[in-house]
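S.K.: Next one to model:
(one chain, ligands or ions: 1)
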Amino acid sequence: MRILVLNGPNLNMLGTREPHIYGATTLADIERALITRATPHGISIDFVQSNHEGVIIDIIQQHQPSTNGIIINPGAFTHYSYAIRDALSALSVPIIEVHISNVYKREPFRHHSVIAAIATGQIAGLGWRGYLHALDWFIDAAANA
Ligand code: DQA
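M.R.: Numbers count the residues shown, from 1 in each chain. Presented below is the predicted three-dimensional model:
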């Protein structure tokens, strides 16, 4: 099984970016934790982070033939990128949307996700461990396939 973990704008700044909201864990820390969890299950993970909408769309399209699932935190694109939503819609594999913060407790513009309706599920507010929980879902789904 091969999973794409895709992070959008400003998530490269995790660890120093608003730590009271996003915590002190860096993206590299998250990637290490995911690899540690995935490897014993024979799951390989591709990690991509981009601050650019078009690059995120290119990555989704490039991985379409080879990926078995996507864990995506689209950052602020969550709230308005119909283009990323359309790129994800074209896939037939499960998509899990992850948010580190509980977006529903924050500013009103964060309460709506244009991605959620085409995602398999969404995890919000569980901190960086939300990525691990998303991966666990794939591990469990693969074990029970
Ligand atoms: C975020 C929430 C978004 O509203 C915000 O723009 C982000 C991060 C989260 O992980 O909590 O960049 O997706």
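
S.K.: list the helices and strands the biggest helix by length in the chain packs on?
M.R.: Of all the segments of type helix in the chain, defined by DSSP state H, the longest one is helix 129-143. With contacts taken as 3 or more CB pairs under 8 Å, 6 or more residues apart in numbering; DSSP states H and E, helix 129-143 sits against strand 2-7, helix 27-38, strand 69-73, strand 95-99, strand 121-124. In short, each C-beta sits where N, CA and C put it, glycine included.

S.K.: right, and these - which one's nearest the ligand?
M.R.: Nearest of the helices and strands packed on helix 129-143 to the ligand, taken as CB to the nearest ligand atom: strand 95-99 at 3.7 Å.

S.K.: List the contacts of the closest one.
M.R.: Strand 95-99 has contacts (CB atoms under 8 Å, 6 or more residues apart in numbering) with 69-74, 78, 88, 113, 115-116, 118-125, 130-131, 134, 137-138.

S.K.: Show the buried residues in these.
M.R.: Listed as buried from the contacts of strand 95-99 are 69-74, 78, 88, 113, 115, 118-119, 122-124, 130-131, 134, 137-138; burial here means 16 or more other CB atoms under 10 Å.
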